[in-house]
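**Q** Quick one, structure for this:
(one chain, ligands or ions: 1)
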Amino acid sequence: MRVVRTVLELREALDYMRMGGHTPVGFVPTMGYLHEGHASLIRKAGEMANTVVMSIFVNPLQFGPNEDFSSYPRDERRDLELAEREGADIVFIPGVEEMYPEPIRTKVSVDSLTTQLCGASRPGHFDGVTTVVSKLFNMVQPDYAFFGLKDAQQVAVLRRMVSDLNINVEIIACPIVREGDGLALSSRNVYLSGEERTQALVLSRSLRETRKAIEEGTVRTVEEARKLLESVISSSPLAVIDYVEILSFPDLETLEGGSLLSDAEGEVIMALAVKFGRTRLIDNNVFIPKEVHALV
Ligand code: PAF
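**A** Numbers count the residues shown, from 1 in each chain. A predicted model of the protein is given here:
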């Protein structure tokens, strides 16, 4: 595994792999502090590509002024061990000065998909994501890029960016990886105290219970599903809800509260963002209501 820190070194390492016929190239962009979720992305990349590139860069552009950019957890040595173990070929770890040698004057921004959910709570966040991911795509020029569905809105936004700008990469969305007790893996889970972590289990539980109620037909409308999610989450005294939403996916369009879930065409997302102490966690479930109802 090669570790490179400049764009020039990255391009040289990639040229070497491409000249040796080690294509296609799979790319796993990350902000480090890797966990089993990232490991699953590297493994998937290894199945589909002959060269696996991972980047580790905590991107200042996607953090708001009062967010956790400076305290975001970092552990390069551990990250490199995990990347090597899972089969990455090249790890790109640029510094801020390599990614942004000058204050950036060009931004990539995706309309409308970024105004709701995390886009509403974190203004500017998705512009930071789309800008850095565009830069990384230009540097790596991957055939495939791998993202976890825990950040489902990010997947929707990046798919649209790639399609609107004719970027020649296929976005591969990979399933959410959870702890045995249901907590979705996130680098930010380390911020949770023991009690917060226990209470944070209401997120996955609310999604599970609501999904089950939809499958059993006891919850039929969008509003009923939203209320059930909210009531399960509110059973945790420490939970402070940022949003609980049910939208079409990947268009992220509002579904009328009174409308039947079974009338929704295509996929639907139940998306949650909830704070426990100073830690904001997100979780979601994407499903096709027509298929769920067909099972009942
Ligand atoms: O999902 C992340 O870790 C980040 O948003 C990404 C895609 C690496 C861009 O900084």
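**Q** so where do the helices sit in this protein?
**A** In the chain, the segments counted as helices under DSSP state H are 7-19, 36-48, 76-86, 96-99, 118-121, 125-140, 152-164, 194-199, 201-216, 222-234, 289-295.
**Q** and the stretch 101-250 of the chain, which residues reach the ligand?
**A** Of all the residues in the stretch 101-250 of the chain, those in contact range of the ligand (CB under 6 Å from any ligand atom) are 129, 132-133, 151, 154. For the C-beta atoms, the positions are set from N, CA and C on the backbone; glycine is no exception.
**Q** rerun that using 5 Å as the cut-off
**A** Counting by CB under 5 Å from any ligand atom, the residues of the stretch 101-250 of the chain close to the ligand are 129, 132.
**Q** quick one: low-confidence ranges for the stretch 101-250 of the chain?
**A** Confidence mapping of the stretch 101-250 of the chain against pLDDT under 70 gives zero matching residues.
**Q** picking that back up, what's the closest of the helices of the chain to residue 26?
**A** Nearest to residue 26 among these is helix 36-48; the distance by CB to CB comes to 3.4 Å.
**Q** Who are the contact partners of the residue lying closest to residue 278 once chain neighbours are set aside?
**A** The shortest distance from residue 278 to any residue that is not its chain neighbour, by CB to CB, 6 or more residues apart in numbering, is 6.6 Å, and that residue is residue 191. Under the criterion of CB atoms under 8 Å, 6 or more residues apart in numbering, the contact list for residue 191 reads 68, 277-279.
**Q** Just the buried residues from the residues you listed, in ChimeraX please.
**A** Here is the ChimeraX command that picks out the buried ones among these, judged by 16 or more other CB atoms under 10 Å:
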select :279
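**Q** Spatially, which two of the contacts of residue 191 are the most separated?
**A** Distances among those were taken as CB to CB; the most separated pair is 68 and 277, at 12.4 Å.
**Q** burial of residue 218, as a residue count?
**A** If you count neighbours by other CB atoms under 10 Å, residue 218 ends up with 10.
**Q** Any figure for the gap between it and the ligand?
**A** Residue 218 sits at a distance of 35 Å from the ligand (criterion: CB to the nearest ligand atom, to the nearest Å).
**Q** where does that residue fall, phi/psi-wise?
**A** Torsion angles at residue 218 (phi, psi; degrees, to the nearest 10) stand at phi -80, psi -20.
**Q** who are the neighbours in contact with residue 260?
**A** 220-221.
**Q** gap between it and residue 267?
**A** From residue 260 across to residue 267, the span is 16 Å (CB to CB, to the nearest Å).
**Q** Same check on residue 10?
**A** Using CB to CB, one obtains 35 Å as the distance from residue 10 to residue 267.
**Q** In the stretch 151-296 of the chain, which residue sits closest to the ligand?
**A** Ranking the residues of the stretch 151-296 of the chain by distance to the ligand (CB to the nearest ligand atom) places residue 151 first, at 5.2 Å.
**Q** Give me the neighbour count for that residue.
**A** One way to gauge burial is a neighbour count; for residue 151, by other CB under 10 Å, it gives 18.
**Q** Quick check: closest non-adjacent residue to it.
**A** Per CB to CB, 6+ apart, closest to residue 151 is residue 282, 7.3 Å.
**Q** do residue 259 as well
**A** Nearest to residue 259 is residue 222, by CB to CB, 6+ apart, at 5.6 Å.
**Q** show me what contacts that neighbour?
**A** Applying CB under 8 Å, 6+ apart to residue 222 gives the contacts 246, 255-259, 261, 264.
**Q** Could I have the ChimeraX command that selects the buried members from those residues?
**A** Here is the ChimeraX command that picks out the buried ones among those, judged by 16+ other CB under 10 Å:
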select :246,255,261,264
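**Q** In strands, which of the contacts of residue 222 appear?
**A** residue 246 (DSSP state E).
**Q** circling back to that earlier point, I figured the residue of the stretch 151-296 of the chain closest to the ligand hits residue 286, correct?
**A** No: using CB atoms under 8 Å, residue 151 and residue 286 do not qualify as a contacting pair, with a distance of 11.9 Å.
**Q** how about residue 5, what does it touch?
**A** For residue 5, the residues meeting the contact criterion (CB under 8 Å, 6+ apart) are 92-95, 98.
**Q** From residue 56, how far out is it?
**A** 10 Å.
**Q** again with residue 221
**A** 44 Å.
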